[in-house]
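[1] Any chance you could fold what I've pasted below:
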Amino acid sequence: MTSSSDFRAGFISLVGRPNAGKSTLTNALVGQKIAITSNKPQTTRHTIRGVVHREKFQLILVDTPGIHRPRTLLGHRLNDLVEDTLREVDVIGFCTPANQAVGPGDRFIVEQLAKVKRTPVIAIVTKTDTVDKARVANHLLEVQAMGDELLPGGFKDIVPVSAVKGEQLDALENVMAEHMPVSPPLYPDGDVTDQPELKLVSEFIREAALEGVREELPHSLTVTIEEMEPREGRPEDNPLTDIYATLYVERDSQKAIVIGKRGSRLRDVGQRARRSIEAMLGTKVYLDIRVKVAKDWQRDARHLDRFGF
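    I've put the predicted structure just below:
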């Protein structure tokens, strides 16, 4: 049994280019699906904390949107969210995928990290299962060189991982824990996230809606939950949760894409989202999704406030 004087706990922010594997890594470490994972860039909107419970330490993972050069008001707010997060954590995990060369986007992010004083930065080379060992080794050298050039003191550690195959996750956890302060657990055992269920439900719907659509849609989708209640009169051993959601896009043409021919695509979205929601809630779900147009909502401060950004 670990004594309280040996236990460590703290906050870690995972940062990186869009699609660097941050959400997949969070889910692999926590053991549950909490951050949306999609092959479209810029799909994680809100800071979602995943809590990793171990015998000797507790890691609270803060999954941030990809840092990018903002083009819209929403982009600026997303980057502000990232910067605010970085100031409050104990360790920063910089994620860079092994199957993509180190490029200007990585350098831009590391240059931003250099401005965050006194917070140690660990480099995490993700997606190592997608390339051969020689490519991984070369990527590690490139990452180390970039850190030595741009970060005061360079990266504190560099860890290659495959979240999909579960490789090197224990090693990464131990490296993160070494940089945590001595502290009692910050969350009760059993907690995996502090995000309200409504937020997670909306994110699952967004994830389902992003699958298989054109590149211009990711930023243009947001979801609000109008109502989520247990249906009255159901037997205790067979409960049902009614969820009414609205999916907002910016233009009529986008609405047509989301709905699909005779509503076929929207039905697929509902089926995919319902599976994730039912797994989280542990009950059957009736899911009603309506699609509405909120013209240019990403550039409208009133819409951003209304949607919680």
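[2] Tell me how far the most far-flung residue of the chain relative to its centre lies from residue 278.
    Within the chain, the residue lying farthest from the chain centre (Cα atoms, centre = their mean) is residue 233, at 36.7 Å. Distance from residue 233 to residue 278, counting by Cβ to Cβ, to the nearest Å: 20 Å. Every residue, glycine included, has its C-beta placed from N, CA and C.
[3] any residues touching the host helix or strand of residue 275, and which ones?
    Assigned by DSSP states H and E, residue 275 belongs to helix 264-281. With contact meaning Cβ atoms under 8 Å, 6 or more residues apart in numbering, helix 264-281 is reached by 32-33, 197, 200-201, 204-205, 207-209, 211-212, 241, 243, 247, 257-260, 284-285, 287, 289, 291.
[4] What subset of those residues is buried?
    For the contacts of helix 264-281, a neighbour count by 16 or more other Cβ atoms under 10 Å gives the buried set as 33, 200-201, 204-205, 207-209, 241, 243, 247, 257-259, 285, 287, 289, 291.
[5] For the helix holding residue 275, list the C-alpha coordinates in PDB.
    Extracted in PDB, the C-alpha atoms of helix 264-281 (Å, rounded to 0.1, in the frame of the first residue of the first chain):
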ATOM      1  CA  SER A 264     -30.300   8.300 -44.800                       C
ATOM      2  CA  ARG A 265     -27.200  10.000 -43.500                       C
ATOM      3  CA  LEU A 266     -28.900  11.500 -40.400                       C
ATOM      4  CA  ARG A 267     -30.300   8.100 -39.500                       C
ATOM      5  CA  ASP A 268     -26.700   6.600 -39.600                       C
ATOM      6  CA  VAL A 269     -25.500   9.500 -37.400                       C
ATOM      7  CA  GLY A 270     -28.300   8.700 -34.900                       C
ATOM      8  CA  GLN A 271     -27.400   5.000 -34.800                       C
ATOM      9  CA  ARG A 272     -23.700   5.600 -34.300                       C
ATOM     10  CA  ALA A 273     -24.200   8.300 -31.600                       C
ATOM     11  CA  ARG A 274     -26.800   6.100 -29.800                       C
ATOM     12  CA  ARG A 275     -24.400   3.200 -29.400                       C
ATOM     13  CA  SER A 276     -21.800   5.500 -27.700                       C
ATOM     14  CA  ILE A 277     -24.400   7.200 -25.500                       C
ATOM     15  CA  GLU A 278     -26.000   3.900 -24.400                       C
ATOM     16  CA  ALA A 279     -22.600   2.500 -23.500                       C
ATOM     17  CA  MET A 280     -21.900   5.600 -21.300                       C
ATOM     18  CA  LEU A 281     -25.400   5.800 -19.700                       C
END
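[6] got any ranges where the stretch 201-309 of the chain has weak pLDDT?
    The model of the stretch 201-309 of the chain has pLDDT under 70 over residues 212-219, 297-300, 302-309.
[7] Could you check the angle the helix or strand just after the helix holding residue 275 makes with helix 264-281?
    Downstream of helix 264-281, the first helix or strand assigned by DSSP H and E is strand 284-293. Interaxial angle of strand 284-293 relative to helix 264-281 (axes from the mean of the first three to the mean of the last three Cα atoms, to 10 degrees): 130 degrees.
[8] can you list contacts of strand 284-293?
    By Cβ under 8 Å, 6+ apart, strand 284-293 touches 205, 231, 238-252, 254-255, 258-259, 266, 269-270, 273-274, 277-278.
[9] Buried ones only from the residues you listed, please, as a PyMOL command.
    Selection of buried members from these for PyMOL, criterion 16+ other Cβ under 10 Å:
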select buried, resi 205+241+243+245+246+247+248+249+250+254+255+258+259+266+269+270+273+274+277
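[10] Just the helices from the stretch 1-150 of the chain, written as ranges.
    Counting by DSSP state H, counting those that start in this stretch, the stretch 1-150 of the chain has helices at residues 22-30, 73-87, 104-113, 133-150.
[11] The first one packs against which elements?
    Looking back up the chat, that one is helix 22-30. If contacts are counted by 3 or more Cβ pairs under 8 Å, 6 or more residues apart in numbering; DSSP states H and E, helix 22-30 sits against strand 8-16, strand 48-53, strand 57-63, strand 121-126, helix 169-178.
[12] could you dump the first one to PDB, C-alpha only?
    This means strand 8-16. Taking Å, rounded to 0.1, in the frame of the first residue of the first chain, the C-alpha atoms of strand 8-16 are listed here in PDB:
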ATOM      1  CA  ARG A   8       1.600  11.800  -6.600                       C
ATOM      2  CA  ALA A   9      -1.300  13.500  -8.400                       C
ATOM      3  CA  GLY A  10      -1.500  16.300 -10.900                       C
ATOM      4  CA  PHE A  11      -2.700  17.700 -14.200                       C
ATOM      5  CA  ILE A  12      -1.300  17.000 -17.700                       C
ATOM      6  CA  SER A  13      -2.300  18.900 -20.800                       C
ATOM      7  CA  LEU A  14      -2.000  17.000 -24.100                       C
ATOM      8  CA  VAL A  15      -1.300  19.400 -27.000                       C
ATOM      9  CA  GLY A  16      -0.400  18.900 -30.700                       C
END
